[in-house]
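J.: Give me a model of this one.
(chains A and B)
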There are 2 protein chains.
Amino acid sequence: MPKKINVFFIGGGNIARIVREDLRNHINLCWYYDLKKTDFDCQYLERFEIPQEVEVVVECASVEAVKEFGIDILKSGKDFYIISSGAFADEEFRATFLAELKNSSSNVYIPSGAIGGIDIVRAVRNYVEKIVLTTRKPPKAFGIDGIQEPKTIFSGNAVEAIKAFPQNTNVSVTLSLAVGNFEKVMVNVVADPNVNENIHEINIFSSVGNYTVIHKNKPSPNPKTSYLAPLSLAAAIKRNIEKFKI
Amino acid sequence: MPKKINVFFIGGGNIARIVREDLRNHINLCWYYDLKKTDFDCQYLERFEIPQEVEVVVECASVEAVKEFGIDILKSGKDFYIISSGAFADEEFRATFLAELKNSSSNVYIPSGAIGGIDIVRAVRNYVEKIVLTTRKPPKAFGIDGIQEPKTIFSGNAVEAIKAFPQNTNVSVTLSLAVGNFEKVMVNVVADPNVNENIHEINIFSSVGNYTVIHKNKPSPNPKTSYLAPLSLAAAIKRNIEKFKI
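T.: Okay, here's the model as predicted:
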């Protein structure tokens, strides 16, 4: 029998539902806070208040929610899993949060999210020269019509990408945090008439090896997000419950 | 100041050296056991005996060492990091070890090793149809001469691969443990006149997305191993020391 935990979700939408479903054998009690009640199958709380019995707080909402409640969560000392890593694109928030974390008994987990290979980035972090994230989407995703060749519509580092392409913020920030440097991460966004789905490609250039990770995610019920992000969050929670950690 | 830990290494060779060097700001005291004294910069122990002050045991030796000392380490209750995951190819040892782990206060960590994308495998584990690991090496690595086209010299599942190609055992086993099934992992070994280096390619087929991870590792000072394996072990240790876990 795996250990069961009490979970507080911030956000009661599609992401929370996928996480909860993947953790079905691991959750004892659960609550959620959201701006309004949804049909999410945990106890709804009208105000943001972390119940005493909670062991793990899971953000499945938005960058804004992380910024609004993050410090309170650290003050509670509960472990905190974050899907909207984009909150840490804000340097001031990042500094405040990390300073508060020093005095907190919380552990904070940023799962790989909608991309993988973060395990490689963390391993070779001190040897990385450059990481290039290339996102390809069908031209119509950008409102572009009638092109025959792939067209790069944005190219810049993670800091610039976050401003120009907020849809990619979480992946840009997670890569940057993993390598410890926002300027080593380059982002290209390409309108590509040869693809039918969204494709993320990551190229990691380092002095110990070069690595390529290609993701062809199938969309989740909410097409703005992929299954991989909530599943990687659920996997991070399960890994902490289990004693044999792969 | 990061927290510093006391480490006991099993093995005082090349792998242990890379791990120790990558952890240089995180180690307080360290010891190692090996069959004979090496020039490894930790205190040598002639007999296998875990000093009381040790917080973390790190195996950097061999499948045989995991099998010989694994149960004693679990009995000590110390956390245990394993590079030679191939030990778990042995079903009987795996069962004995996991049974002992239930009664132990140890946590056991199997880092990604010489491959990455294990974060993806863990996340989509319940949705995986098949994982294909293809290892390409120059023909001379197999003692083959004068071929013009890539030649598949082995093809089979992880169980068969472990018997036929013991060099690939650790990666085959880590992939199998991550997906929770040795028969879902297929292994191809290819003598490829078009490559100059060893290339591992992993293809993950799942109902939530398809993922490809390509590794062009540069060899470490010991050409039989890559830097990525010890660095991923060091990264797993650092992640447990830090409170902000990416």
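J.: Show me the shaky parts of chain A.
T.: Along chain A, the parts satisfying pLDDT under 70 run over A:1-2, A:219-225.
J.: Walk me through the domains of it.
T.: What automatic domain parsing lists as the domains of chain A is A:5-114+A:226-241, A:118-215.
J.: Mind checking those for the one nearest to residue B:84?
T.: Ranking the domains of chain A by proximity to residue B:84 (Cβ to Cβ) places domain A:118-215 first, at 17.1 Å. All C-beta spots, glycine's among them, are computed from the backbone N, C-alpha and C.
J.: wait, does that closest one contact chain B?
T.: Yes: applying Cβ under 8 Å from any Cβ of the partner chain, one finds domain A:118-215 in contact with chain B at A:118-120, A:122-127, A:174, A:177-178, A:207-215.
J.: that older thread, same list (the domains of chain A) but as a markdown table, adding mean neighbour count.
T.: Output for those, formatted as a markdown table (neighbours: other Cβ atoms under 10 Å in any protein chain shown):
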| stretch | mean neighbour count |
| --- | --- |
| domain A:5-114+A:226-241 | 19 |
| domain A:118-215 | 19 |
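J.: Give me the number of neighbouring residues for residue A:244.
T.: Neighbour count for residue A:244, taken as other Cβ atoms under 10 Å in any protein chain shown: 17.
J.: So which of the residues of domain A:118-215 next to chain B sit within strands?
T.: Counted as lying in strands by DSSP state E, out of the residues of domain A:118-215 next to chain B, are A:209-215.
J.: hmm, back to that, out of the domains of chain A, flag the one nearest residue B:67.
T.: Comparing the domains of chain A by Cβ to Cβ, domain A:5-114+A:226-241 comes nearest, at 24.2 Å.
J.: now the closest one: how far from the chain's centre is it?
T.: Relative to the centre of its chain, domain A:5-114+A:226-241 is centred 11 Å away, using Cα atoms, centre = their mean, to the nearest Å.
J.: For the helix or strand where residue A:155 lies, name the packing helices and strands.
T.: Assigning secondary structure by DSSP states H and E places residue A:155 in strand A:151-157. Applying 3 or more Cβ pairs under 8 Å, 6 or more residues apart in numbering or on different chains; DSSP states H and E, one finds that strand A:151-157 contacts helix A:158-164, strand A:185-191.
J.: Make CSV from those and add distance to residue A:108 to it.
T.: Listed next are the helices and strands packed on strand A:151-157 as CSV, based on distance: least, Cβ to Cβ, whole Å:
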stretch, distance to residue A:108
helix A:158-164, 20
strand A:185-191, 20
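J.: For residue B:82, which of these is the nearest?
T.: Residue B:82 sits nearest to strand A:185-191 of all the helices and strands packed on strand A:151-157, at 31.1 Å, using Cβ to Cβ.
J.: Only C-alpha atoms, please: export that closest one in PDB.
T.: The C-alpha trace of strand A:185-191 is given here as PDB (Å, rounded to 0.1, in the frame of the first residue of the first chain):
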ATOM      1  CA  VAL A 185      18.500  29.800 -23.200                       C
ATOM      2  CA  MET A 186      17.600  30.800 -26.800                       C
ATOM      3  CA  VAL A 187      14.000  30.500 -28.000                       C
ATOM      4  CA  ASN A 188      12.800  30.200 -31.600                       C
ATOM      5  CA  VAL A 189       9.200  30.200 -32.600                       C
ATOM      6  CA  VAL A 190       8.500  28.900 -36.100                       C
ATOM      7  CA  ALA A 191       5.400  28.800 -38.200                       C
END
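J.: Given that strand, what are its sheet partners and their directions?
T.: Each strand paired with strand A:185-191, and its direction, by DSSP bridges: strand A:128-137 (parallel), strand A:151-157 (antiparallel).
J.: Ok, which of those comes nearest residue B:234?
T.: strand A:128-137 (14.7 Å).
J.: Contacts for the closest one next, please.
T.: Counting by Cβ atoms under 8 Å, 6 or more residues apart in numbering or on different chains, strand A:128-137 makes contact with A:115, A:121, A:150, A:168, A:171-172, A:175, A:179, A:184-192, A:195, A:198-207, all of which sit outside it.
J.: rewinding a little: export the domains of chain A as CSV, with columns for distance to residue B:58.
T.: Shown next, in CSV, are the domains of chain A (distance: least, Cβ to Cβ, whole Å):
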stretch, distance to residue B:58
domain A:5-114+A:226-241, 19
domain A:118-215, 15
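J.: who wins for proximity to residue B:53 among those domains?
T.: Closest to residue B:53 of the domains of chain A, according to Cβ to Cβ: domain A:5-114+A:226-241, at 23.8 Å.
J.: and residue A:170, what does it touch?
T.: Here residue A:170 is in contact with A:83-86, A:113-114, A:229 (Cβ under 8 Å, 6+ apart).
J.: List the pairing partners of the host helix or strand of residue A:9 within its sheet, with orientation.
T.: Taking DSSP H and E as the criterion, residue A:9 maps to strand A:5-10. Strand A:5-10 pairs in its sheet with strand A:27-33 (parallel), strand A:56-59 (parallel), by DSSP bridges.
J.: Tell me the helix or strand right after that strand.
T.: Counting by DSSP H and E, the next helix or strand C-terminal to strand A:5-10 is helix A:14-22.
J.: out of the domains of chain A, which comes closest to residue B:29?
T.: Closest approach to residue B:29 among the domains of chain A (Cβ to Cβ): domain A:118-215, 23.1 Å.
J.: Distance of residue A:16 relative to chain B?
T.: Computed as Cβ to the nearest Cβ, to the nearest Å, the residue A:16 to chain B distance reads 16 Å.
J.: Excluding residues flanking it in the chain, which one is nearest that residue?
T.: Spatially, and ignoring its direct neighbours in sequence, residue A:16 is nearest to residue A:60 (4.1 Å; Cβ to Cβ, 6 or more residues apart in numbering or on different chains).
J.: between the host helix or strand of residue A:72 and strand A:5-10, how big is the angle?
T.: For residue A:72, the host element (DSSP H and E) is helix A:63-76. Counting by axes from the mean of the first three to the mean of the last three Cα atoms, to 10 degrees, helix A:63-76 points 140 degrees away from the direction of strand A:5-10.
J.: And chain B, is helix A:63-76 touching that?
T.: No: applying Cβ under 8 Å from any Cβ, one finds helix A:63-76 separated from chain B by no less than 9.6 Å.
J.: Could you list every helix and strand that that helix packs against?
T.: strand A:56-59, strand A:79-82, helix A:91-102.
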